[in-house]
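Enquirer: Quick one, fold the following:
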Amino acid sequence: DYNRQKLRLWDEMNGRSPYFPEVEIPLPELFTDKYNLDHIVPKSKLMDFSNDNLVLCPAKFNTQKNRT
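Expert: Next up, the predicted model:
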């Protein structure tokens with residue numbers, strides 16, 4: 001389940017995203033559209049759908065990243 005994965009990653013990273021480790025993610029915001037899951041290595045390149053290839057990412061940053 002998507003929210004369960006987000007919670008697991010949030011817990012593993014002590015409430016932070018590896019992209020912005022100085023910013024603490026409040027738990028209530030985790031389950032909004034402000035944060036989503038991101039593949040470290042794009043799944044289209046590696047075909048890795050595992051949880052080990054996922055991190056929490058601010059949605060705005062993920063959108064910008066996909067445009068480059």
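
Enquirer: Strands of the chain, start to end?
Expert: 16-17, 20-24, 35-39, 54-58 (DSSP state E).

Enquirer: so which of the ones you listed gets nearest Asp1?
Expert: Judged by C-beta to C-beta, the one of those that comes nearest to Asp1 is strand 35-39, at 11.5 Å. Where you see a C-beta, it was placed from the backbone N, CA and C, and this is true even at glycine.

Enquirer: export the strands of the chain to JSON lines and tack on distance to Asp1?
Expert: JSON lines is the format used below for the strands of the chain (distance: least, C-beta to C-beta, whole Å):
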{"stretch": "strand 16-17", "distance to Asp1": "20"}
{"stretch": "strand 20-24", "distance to Asp1": "24"}
{"stretch": "strand 35-39", "distance to Asp1": "11"}
{"stretch": "strand 54-58", "distance to Asp1": "13"}
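
Enquirer: In JSON lines: those strands, plus mean neighbour count.
Expert: Listed next are the strands of the chain as JSON lines, based on neighbours: other C-beta atoms under 10 Å:
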{"stretch": "strand 16-17", "mean neighbour count": "18"}
{"stretch": "strand 20-24", "mean neighbour count": "10"}
{"stretch": "strand 35-39", "mean neighbour count": "18"}
{"stretch": "strand 54-58", "mean neighbour count": "20"}
